[in-house]
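Asks: attaching a predicted model along with its sequence, questions to come.
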Amino acid sequence: MNRTLKWILGLILVISLFGLSGCAPENTLNIGDTFTVTFVDYDDTILKTVSCEVGVPCDITPPSEPDNKTNAYFTRWSVFESKYSTLQSNTEIKAVYTLDNVALKLFGRSVVFYSVFIMMGIAVGLTLGLREGKRVGIKPDDLIDGFLWIVPVAILGARLWYVIFEWNSFAYGGIIPSFLRIIGFSSGTLNFSSYGLSGLAIHGAFVTAIICAYFFTKKKKIDIFKVIDIIAIGFIIAQAFGRWGNFFNQEAHGGLVGGMTGDAANLTLEQQFNYLRYTLHLPEFISNNMYILRGLHGVAVEPITGYYHPTFFYESSLNVLGFAIMLVLRRLKKVHFGELLSFYLIWYGAVRIFIETMRTDPLVFEFLGITLKSAIVTSVLMIIGGILLSTFIRIKRKGMTYGTVPGYFECKKKKCIAPEENV
């Protein structure tokens, strides 16, 4: 296993395990002894103390919900009220907040985790691409050149794809304000404090990247089927990282845990949390951050306050699995150049259809009077395209397999053999 892959898998493991915590042993007291229940804020500021006697019913009521953490809001107390009557020892109950989606401040501007994770995904994709390109005979300079103009255009494609399906949210108030909203000025004016590309669609980025790759490889006289495989591997791991940005923004989530009947939740908040934490065994920090206020992104998206399904996590995990499978496939001698893209199209198409059935904020469009989810339609086309592409490659490009690259399967650490000319 190469060093880069070890670092990637290590990082994924750290992210997955972060937030898991153990339980400290409780102090045992005897009947008649007194104990204290202390409510504290996130920074350990004491909000309220209650003195109780062991074996005697005690009236433990929490203080008013605190609102003292910047860019976050209170979700729950670390101990649910249903457990207060079972407390028989000194207990600290802490206020739990959602996570701050701001990673850092630069020159007075907030840099959110969404941007950080997207950049991490792009960086990892480029690193893997350079290593893979060397193995299959593509010069690093050519890949970097392609990267420098394909990535910005792909981001533009992702933005335009989103805008097209949310046109009414951008195009109003005149041509200039509409244009400014489309390019990121949400206020419709040249107010840089409101600037940010809030709204990107991965399908638009992918389609744009493939189109750009066609013209790039034609100009450079590089085998496009080798390049699209590199793009496919980079895309799927970049998407796995990018979904964590959605997590910090509390967006792209599924429906309410347990569902609803009419306007009421089928499960209590405690039951919703316990389902995420103890039935699905998600880390506590993920479960906590899936507590979303009613109407945070619109009442149609969050009809009531509660815990929502972390579809970002489901998709990210499936993308990591797909990425691992692709790493294995590219080491099989009989796999043809271009078939990693075929796998990506089929795999991610199926994953996205599964995820979209749970999403509450899908992009939609009308066709013949029928409301369709754009991501599902696009994903179906991706699956069909993946099957057709693989069929075409097997018929028209016989023998163009990874096993034909000199030194590919004998490549050792720091001893990769790359052919002098592009194949």
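Replies: The structure has been received and is ready for your questions. Bear in mind that the values here come from a model prediction, so they are computed numbers and not experimental data.

Asks: from here on, just use CA atoms for contacts and neighbour counts.
Replies: Noted.

Asks: contacting residues around the residue nearest the centre of the chain?
Replies: Nearest to the geometric centre of the chain sits Arg243, at 0.8 Å (C-alpha atoms, centre = their mean). Taking C-alpha atoms under 8 Å, 6 or more residues apart in numbering as the contact definition, Arg243 lies against Phe117, Phe312, Phe313, Glu315, Ser316.

Asks: just give me the neighbour total for Ala300.
Replies: As a burial measure, Ala300 scores 12 neighbours (other C-alpha atoms under 10 Å).

Asks: quick check: which element contains it?
Replies: Ala300 belongs to no helix or strand when assigned by DSSP states H and E.

Asks: so what's it closest to, chain neighbours aside?
Replies: Among residues not flanking Ala300 along the chain, Thr360 sits closest, at 7.6 Å (C-alpha to C-alpha, 6 or more residues apart in numbering).

Asks: how near is that neighbour to Leu368?
Replies: With distances taken as C-alpha to C-alpha, to the nearest Å, Thr360 is found 23 Å from Leu368.

Asks: the more surrounded of the two?
Replies: Thr360 (19 against 5).

Asks: for the protein, what are the low-confidence residue spans?
Replies: 1-29, 187, 191-198, 406-423 (pLDDT under 70).

Asks: and the helices in it?
Replies: 3-17, 113-136, 140-165, 175-182, 202-220, 224-249, 269-274, 284-289, 311-329, 339-356, 374-396 (DSSP state H).

Asks: from the chain's centre, how far out does the fourth one sit?
Replies: The gap between the average C-alpha position of helix 175-182 and the chain average comes to 28 Å, counting by C-alpha atoms, centre = their mean, to the nearest Å.

Asks: how about the fifth one?
Replies: Helix 202-220 has its average C-alpha position 23 Å from the chain's average C-alpha position, going by C-alpha atoms, centre = their mean.

Asks: do the last one as well
Replies: Centroid displacement of helix 374-396 relative to its chain, using C-alpha atoms, centre = their mean, is 24 Å.

Asks: buried stuff in that helix?
Replies: 374-376, 378-380, 382-383, 385-387, 389-390, 393-394 (16 or more other C-alpha atoms under 10 Å).

Asks: how many residues are close by Phe216?
Replies: By other C-alpha under 10 Å, 20 other residues sit near Phe216.

Asks: what's the answer for Ser51, then?
Replies: Ser51, neighbours per other C-alpha under 10 Å, totals 13.

Asks: what about Ala232, how many neighbours?
Replies: 25.

Asks: check contacts around it.
Replies: By C-alpha under 8 Å, 6+ apart, the contact set of Ala232 is Leu340, Leu341, Tyr344.

Asks: one more time with 10 Å
Replies: 125, 129, 206, 210, 238, 323, 326, 338-345 (C-alpha atoms under 10 Å, 6 or more residues apart in numbering).

Asks: one more: Thr34?
Replies: Residues near Thr34 by C-alpha under 10 Å, 6+ apart: Ser51, Cys52, Glu53, Val54, Gly55, Val56, Gln88, Ser89, Asn90.

Asks: try 7 Å this time
Replies: Counting by C-alpha atoms under 7 Å, 6 or more residues apart in numbering, Thr34 makes contact with Ser51, Cys52, Glu53, Val54.

Asks: which residue packs closest to it, ignoring adjacent ones?
Replies: Once flanking residues are discounted, Thr34 sits nearest to Glu53: 4.3 Å by C-alpha to C-alpha, 6+ apart.

Asks: check whether that neighbour really touches Thr36, as I assumed.
Replies: No: applying C-alpha atoms under 7 Å, one finds Glu53 not in contact with Thr36, separated by 8.7 Å.

Asks: domain boundaries for the protein, per the record?
Replies: Here the domain assignment for the chain is 34-97, 109-254+310-404, based on automatic domain parsing.

Asks: now the last one: how far from the chain's centre is it?
Replies: When you say that, I think you mean domain 109-254+310-404. Using C-alpha atoms, centre = their mean, the offset of domain 109-254+310-404 from its chain centre is 13 Å.

Asks: try the shortest one
Replies: With C-alpha atoms, centre = their mean as the basis, the distance from the averaged C-alpha position of domain 34-97 to the chain average is 33 Å.

Asks: now do the end-to-end distance for that domain.
Replies: Per C-alpha to C-alpha, domain 34-97 runs 30 Å from first to last residue.

Asks: so Gly255 sits against Tyr308, correct?
Replies: Yes: checked against C-alpha under 7 Å, the pair Gly255 and Tyr308 is within contact range at 5.4 Å.

Asks: more crowded one of these two?
Replies: Tyr308 (25 against 21).

Asks: residues in contact with the residue lying closest to the more buried one once chain neighbours are set aside?
Replies: Spatial nearest neighbour of Tyr308, chain neighbours left out: Leu256 (4.3 Å); criterion: C-alpha to C-alpha, 6+ apart. Neighbour list for Leu256: Gly306, Tyr307, Tyr308, His309 [criterion: C-alpha under 7 Å, 6+ apart].
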